[in-house]
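*Asks:* Below: sequence and its predicted model.
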Amino acid sequence: MNQMTMPVLPEMNELWQESLNWVPNESQQQQFQRLYELIVEGNRHLNLTRITEPIEFWEKHLWDSLRGIARLLPANGNSGEIRDFTGQPMLKAMDIGTGGGFPGLPVAIALPNLSVTLLDSTRKKIDFLETVLPSLTIQNAGTLLGRSDEIWRQPHHKAAYDIALLRAVGAASLCAKYALPFLKNGGLAVLYRGNWTAEEEADLQSAIGHLGGTIESVEAFTTPVSQGARHCVYLRKVVQQLERPAR
Ligand SMILES: C[S@@+](CC[C@H](N)C(=O)[O-])C[C@H]1O[C@@H](n2cnc3c(N)ncnc32)[C@H](O)[C@@H]1O
């Protein structure tokens, strides 16, 4: 298989359907393919990812990104409104430490009604993403340069988001400290993890109380091609934080 040809097209539709009960439409498939090409190209100048083989890219970047928000994916490829547990529409997501755009870019492609902010503290990565967005013709994502532990203090970012996504940014307790200040009451943080231990959960539990967060669920699953172990930890923002989060 040509390195630039990613098997996102019909070959993978069965796997999308079986594993996520969702199949990208043709335009989303083209955007995934283009994203793959742009990441492979960007990797020549920037250290974006070690994952560049087509199937691995599909599994560890596309599928993995979408597995975390599987509960929000509309069935049968239509782009329905996303609602939170109170029935309010979920409109704004923040991908904290997005790097080369994961999980935020696949999420923005899959959920066109969600507005996704791609936040990273590394200028080169944000500059790269600035070139990627027009190439993908994504209207519902934008970039933000800065550190999460500083940006959240700005009034238009504080408690302003419905969803926070964090993958490979640090310990779960640190991710929670980054995420919860951005969330509205009722908002959801998705922590993408590999293995998950009782120690991590205890550490997370003790970090989130004063930030107004609660562990809603922990989902354990394996990836559909290489059967790698994964966990997604879902945190719910239940009250406004009582103290300033630690840096
Ligand atoms: C290992 S990369 C992970 C990238 C991507 N989330 C992924 O899963 O492929 C971690 C990224 O988080 C960024 N980062 C770490 N701490 C951050 C913070 N407090 N605020 C914003 N970005 C941060 C780094 O610059 C880096 O690009």
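*Replies:* Received, thanks.

*Asks:* ok but residue 132 is inside a helix, no?
*Replies:* Yes. Inclusion of residue 132 in a helix is indicated when DSSP: H, G, I helix; E, B strand; the rest coil is applied.

*Asks:* what does the model give residue 141 for pLDDT?
*Replies:* In this model, residue 141 is scored at 96, pLDDT.

*Asks:* How about the contacts made by it?
*Replies:* Residues touching residue 141, when contacts are defined by C-beta atoms under 8 Å, 6 or more residues apart in numbering, comprise 104, 105, 108, 115, 116, 117, 118, 133. (C-beta placed from N, C-alpha, C; glycine too.)

*Asks:* Also residue 27?
*Replies:* Listed by C-beta under 8 Å, 6+ apart, residue 27 has no contact partners.

*Asks:* Mind listing what's buried along the strand or helix carrying it?
*Replies:* Counting by DSSP states H and E, the element that carries residue 27 is helix 26-42. By neighbour count on 16 or more other C-beta atoms under 10 Å, the buried set for helix 26-42 is 28-36, 38-42.

*Asks:* got it, and stretch 161-179?
*Replies:* 161-167, 169, 172-179.

*Asks:* What distance do you get for residue 143 to the ligand?
*Replies:* Distance of residue 143 to the ligand, computed by C-beta to the nearest ligand atom, to the nearest Å: 11 Å.

*Asks:* start the count at 366, not 1, going forward
*Replies:* With 366 as the first residue, the last one maps to residue 508.

*Asks:* Looks like that residue contacts residue 497 (just checking).
*Replies:* No. Shown here, residue 508 and residue 497 do not form a contact pair, counting by C-beta atoms under 8 Å, at 9.2 Å.

*Asks:* Nearest to the ligand among the contacts of residue 506?
*Replies:* Top of the list for closeness to the ligand, among those and by C-beta to the nearest ligand atom, is residue 469 at 8.0 Å.

*Asks:* what sits against that closest one?
*Replies:* For residue 469, the contacting residues are 430, 458, 460, 463, 481, 482, 483, 506, 530, by C-beta under 8 Å, 6+ apart.

*Asks:* Greatest separation within those residues: which pair is it?
*Replies:* For the contacts of residue 469, the farthest-apart pair by C-beta to C-beta is 430 and 482; their separation is 15.3 Å.
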